[in-house]
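Novice: Sequence and predicted structure below; questions after.
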Amino acid sequence: MDRTQVVIPAADMARQRDFTNKLSELFRQRGGAPKAWVETYGCQQNVADSQRLMGMLRDMGCPFTGDPMEAGLIVINTCAIRENAENRVYGLLGRLVHAKEKNPNLIVCLCGCMAQQEVVAQKVRASYRHVDLVFGPQALWRFPELLYNVCTQHRRMFSIEEEHGSIAEGMPVVRESAVKAWVSIMYGCNNFCSYCIVPYVRGRERSREPGDILAEVRELVDQGYKDITLLGQNVNSYGKDLETPMDFADLLSEIDKIPGDYLIRFMTSHPKDAGDKLFQTMARCAHVARQLHLPVQSGNSRVLKAMNRGYTREQYLEKVRAARSAMPDLVLTSDIIIGFPGETEAEAMDTVSLVREVRYDALFTFIYSPRPGTPAARMPDPATREEKQVWFDRLLDAQNEISGQLHRSYVGQTVRVLVDGESGDARWPLSSRTNGGRLVHLRGDASLIGRYADVLITDSNTWALFGEVK
Ligand code: SAH
Ligand code: SF4
Ligand code: F3S
């Protein structure tokens, strides 16, 4: 596909704004825009997508509510990464049958990664007849048109056909924080890790133009945002599809030139494409946080090959060494899957030994969940759920011990944090992040939100640090 087929023309985006205006007029004629409830599952990319959906809803005149029973319009932005993510959505859809019976005018929209799967669309078509609109992530930019059709033609709409995916610039956005913001730099994934559904539901890798990304970051910095996370399934393959290719490290260097007091984070980095140029660039750029999320998935080279990850245990460890030699204070996190089909106990314990060797600051750990349509779902999987759970618990024990030790080493130190919100805990009412992204609960008042503070760390546990403003 060449770029002209990928980037949505400005005229088509303008047409969507026309539909937004028409909807706002239609709602006005019908006695007021419905209250909208937007529920988001899944990763930060989905959170960022929901902020766009909310931008469009706001422009249609919809107020937002946190209570689905009060809503006239419900948007469920779904995730397909593991079976339990899907089950939660089916559970919610089941509960909404009652809401629709009470309010026949209620509009229910199902979107996101789950909605892009044909099997899900079929199931919704047949068994969840109270869902009015189903659309995949690739159709997000056409939400105003799809919703307009639902509202005026009084029929159910399904829009899941497009598989490659596009780039839509200029969508409105509602950002829920005044401190932290997400910026997608690319969409889709080409890696086809054998267990993963993402490439099937998010389409092919496509990069936004550097100029559009720089303009968005500049605007956020001007508005006072201080913690900006660049998003992509594999940010290290950024730019390969641009007409004038530019790699991710160069993009970071360009962003770093934007003046201001802010930090840039990014996720996710695929280890196969992470290298010295990236680590040196991170080390050099003052605005780039000393934080790297480098998902290893497994510590055993045979399993890594079966996963189609493109690196061995040794190659991964070498990258970690290189990253730490460029940035000795680097905060390193990872994702791990236990119980990949055919994984033995010894292989799972190789993952535990890798975790002990690397000593991550934190981990996101998962038990393998078969995703229909992926190669791994067709592989023999003899280990029982109970066995996998035992391996998983050993991994957690190892990581909890390491996180606890690393966190204890902060106690007594003074660190600079960005206060980013309220914690909901009366004893430590504020939440904040270190440069490396570690969570610090603080005593202090809400006027500190959005500011940097020097904090004395007084206590810690496995998951967080606790401190006092100096
Ligand atoms: N693009 C990112 C990952 C996105 S999905 C990357 O490559 O690192 C987030 C995490 O979910 C993955 O890193 C993996 O650990 C986990 N995951 C993906 N598919 C899974 C599956 N079928 N079962 C269990 N965990 C899975
Ligand atoms: Fe999934 Fe692999 Fe792509 Fe990450 S890189 S989204 S794990 S296929
Ligand atoms: Fe889930 Fe889609 Fe993200 S499957 S993890 S919401 S890309």
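Specialist: Perfect, I can see it now. Note that the structure is a prediction, hence the values are computed from the model and not measured. Ligands and ions are numbered 1, 2, ... in the order given.
Novice: Let me see the ranges of the helices in the stretch 151-300 of the chain.
Specialist: 198-202, 210-222, 248-256, 276-284 (DSSP state H, counting those that start in this stretch).
Novice: Quick one: closest of those helices to residue 459.
Specialist: helix 276-284 (29.9 Å; Cβ to Cβ). All C-beta atoms are positioned from the backbone trio N, CA, C, and that covers glycine.
Novice: counting contacts, what elements does the closest one pack onto?
Specialist: Packed against helix 276-284, as judged by 3 or more Cβ pairs under 8 Å, 6 or more residues apart in numbering; DSSP states H and E, are the following elements: helix 248-256, helix 313-326.
Novice: which of the helices of the stretch 151-300 of the chain is buried the deepest?
Specialist: helix 198-202 (a mean of 22; mean count of other Cβ atoms under 10 Å).
Novice: hmm, that helix touching ligand 3?
Specialist: Yes. If you take Cβ under 6 Å from any ligand atom as the test, helix 198-202 does meet ligand 3, through 198, 201, 202.
Novice: Ok, which of the helices of the stretch 151-300 of the chain comes nearest residue 461?
Specialist: Smallest distance to residue 461 across the helices of the stretch 151-300 of the chain (Cβ to Cβ): 28.4 Å, for helix 276-284.
Novice: Quick one: closest of the helices and strands packed on helix 276-284 to ligand 1.
Specialist: Ligand 1 sits nearest to helix 313-326 of all the helices and strands packed on helix 276-284, at 12.3 Å, using Cβ to the nearest ligand atom.
Novice: After that closest one, which helix or strand is next?
Specialist: Heading C-terminal from helix 313-326, the first helix or strand you meet, by DSSP states H and E, is strand 331-338.
Novice: can you give me the strands for the stretch 251-400 of the chain?
Specialist: Along the stretch 251-400 of the chain, counting by DSSP state E, counting those that start in this stretch, strands occupy 263-267, 291-293, 331-338, 362-367.
Novice: sorry, back to before: I'd like the helices of the stretch 151-300 of the chain as CSV, with mean pLDDT and distance to residue 17 appended.
Specialist: Formatted as CSV, these follow (pLDDT from 0 to 100; distance: least, Cβ to Cβ, whole Å):
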stretch, mean pLDDT, distance to residue 17
helix 198-202, 96, 25
helix 210-222, 97, 18
helix 248-256, 98, 28
helix 276-284, 98, 37
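Novice: Make CSV from the helices and strands packed on helix 276-284 and add distance to ligand 1 to it.
Specialist: Shown next, in CSV, are the helices and strands packed on helix 276-284 (distance: least, Cβ to the nearest ligand atom, whole Å):
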stretch, distance to ligand 1
helix 248-256, 14
helix 313-326, 12
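Novice: In a markdown table: those, plus distance to residue 221.
Specialist: Converted to a markdown table, those look like this (distance: least, Cβ to Cβ, whole Å):
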| stretch | distance to residue 221 |
| --- | --- |
| helix 248-256 | 10 |
| helix 313-326 | 25 |
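Novice: The residue nearest to residue 135 when sequence neighbours are not counted and ligand 3, how far apart?
Specialist: With sequence-adjacent residues excluded and distances taken as Cβ to Cβ, 6 or more residues apart in numbering, residue 135 is closest to residue 159, at 4.2 Å. Between residue 159 and ligand 3 the computed distance is 17 Å (Cβ to the nearest ligand atom, to the nearest Å).
Novice: cool, residue 370 as well?
Specialist: Taken as Cβ to the nearest ligand atom, the span from residue 370 to ligand 3 is 14 Å.
Novice: Is that residue in contact with residue 377, as I believe?
Specialist: Yes. Between residue 370 and residue 377 a contact is recorded at 4.2 Å, counting by Cβ atoms under 8 Å.
Novice: Could I get the helices of the stretch 151-300 of the chain in a markdown table, plus columns for distance to residue 264?
Specialist: Output for the helices of the stretch 151-300 of the chain, formatted as a markdown table (distance: least, Cβ to Cβ, whole Å):
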| stretch | distance to residue 264 |
| --- | --- |
| helix 198-202 | 23 |
| helix 210-222 | 8 |
| helix 248-256 | 6 |
| helix 276-284 | 9 |
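Novice: Among those, single out whichever gets nearest to residue 170.
Specialist: Nearest to residue 170, of all those, is helix 210-222, at 8.9 Å by Cβ to Cβ.
Novice: got the CA positions of that closest one in CSV?
Specialist: Extracted in CSV, the C-alpha atoms of helix 210-222 (Å, rounded to 0.1, in the frame of the first residue of the first chain):
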residue,chain,number,x,y,z
PRO,A,210,6.9,13.2,12.0
GLY,A,211,5.6,16.8,11.4
ASP,A,212,2.1,15.8,12.7
ILE,A,213,3.6,14.1,15.8
LEU,A,214,5.9,17.1,16.5
ALA,A,215,3.0,19.5,16.1
GLU,A,216,0.9,17.5,18.6
VAL,A,217,3.7,17.2,21.2
ARG,A,218,4.5,21.0,20.8
GLU,A,219,0.8,21.8,21.4
LEU,A,220,0.7,19.5,24.5
VAL,A,221,3.8,21.1,25.9
ASP,A,222,2.3,24.6,25.3
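Novice: so how far is that helix off the chain centroid?
Specialist: Computed by Cα atoms, centre = their mean, to the nearest Å, the chain-centroid distance of helix 210-222 equals 20 Å.
Novice: still on that earlier bit, so what's the residue nearest to residue 135 up against?
Specialist: 133, 134, 135, 136, 139, 142, 146 (Cβ atoms under 8 Å, 6 or more residues apart in numbering).
Novice: pLDDT score assigned to it?
Specialist: Here the pLDDT value assigned to residue 159 is 90.
Novice: Same check on residue 425?
Specialist: Per-residue pLDDT puts residue 425 at 87.
Novice: my guess is it meets residue 441, correct?
Specialist: Yes. Judged on Cβ under 8 Å, residue 425 makes contact with residue 441 at a distance of 6.6 Å.
Novice: For residue 169, see how far away residue 28 is.
Specialist: Here the criterion is Cβ to Cβ, to the nearest Å. By it, residue 28 lies 28 Å from residue 169.
Novice: more crowded one of the two?
Specialist: The neighbour count for residue 28 versus residue 169, taken as other Cβ atoms under 10 Å, is higher for residue 169 (14 against 11).
Novice: Skipping adjacent residues, who's closest to that one in space?
Specialist: In space, and not counting its chain neighbours, residue 169 is closest to residue 212: 5.6 Å by Cβ to Cβ, 6+ apart.
Novice: need the residues of the protein near ligand 2, please.
Specialist: For the chain, the residues in contact with ligand 2 (Cβ under 6 Å from any ligand atom) are 189, 191, 192, 193, 196, 198, 199, 233, 234, 270.
Novice: May I have the residues that are in contact with the last one?
Specialist: The contact partners of residue 270, taken as Cβ under 8 Å, 6+ apart, are 191, 234, 236, 237, 295, 310.
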